[in-house]
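> Got a sequence here, can you model it:
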Amino acid sequence: MATAKKTKPLPEDYTPSEGEPFMNDSQRAYFRLKLLNWRDEILRSTKETLEHLQNDSEQHADIADRATSESERALELRARDRQRKLISKIDEALARIDDGTYGYCEETGEPISLKRLDARPIATLSVEAQERHERRERVYRDE
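Residues are numbered from 1 along each chain as shown. As a prediction, the model looks like this:
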């Protein structure tokens, strides 16, 4: 029978620092919690939006009001679609934490800076690799 690995809880004020081993247990726990909280926040927001859209299905007598309402509805649905894709990226990041590849650049294999991961916990590329990727995209788009 497999036993779950026990980890000590993180102090509330814990923040990963460069002075500790990269992606140690505390850092992985910190980013897992950050990702799970972000995901919960998105799911809660999505639920509220769906409830709002269901409750706001009233008919508008004025065509301008109806057009405005339909525009707002379409905008909300596009935002929800982006958030659905973001949840997928969050789930992928959580899987990388589990398999030990989280925090390492997919392109170079080098560690991604803690500042970048804290700002964008779903990052898969280092800042340098991301900049190279964006330059290549610009060149390709401009051709």
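
> Pull out the buried positions in the biggest helix by length in the chain.
The residue-count maximum for a helix in the chain (DSSP state H) belongs to helix 63-99. By neighbour count with 16 or more other C-beta atoms under 10 Å, helix 63-99 contains the buried residues Ser69, Arg80, Gln83, Ile90, Ala93, Leu94, Arg96, Ile97. C-betas here are computed from N, CA, C, even on glycine.

> just checking, what packs against that helix?
Applying 3 or more C-beta pairs under 8 Å, 6 or more residues apart in numbering; DSSP states H and E, one finds that helix 63-99 contacts helix 25-55.

> The helix it packs on - contacts with which helices or strands?
So helix 25-55, by 3+ C-beta pairs under 8 Å, 6+ apart, packs with helix 63-99, helix 114-119.

> and the angle from the longest one to helix 25-55?
With axes from the mean of the first three to the mean of the last three C-alpha atoms, to 10 degrees as the basis, helix 63-99 and helix 25-55 are set at 160 degrees to each other.
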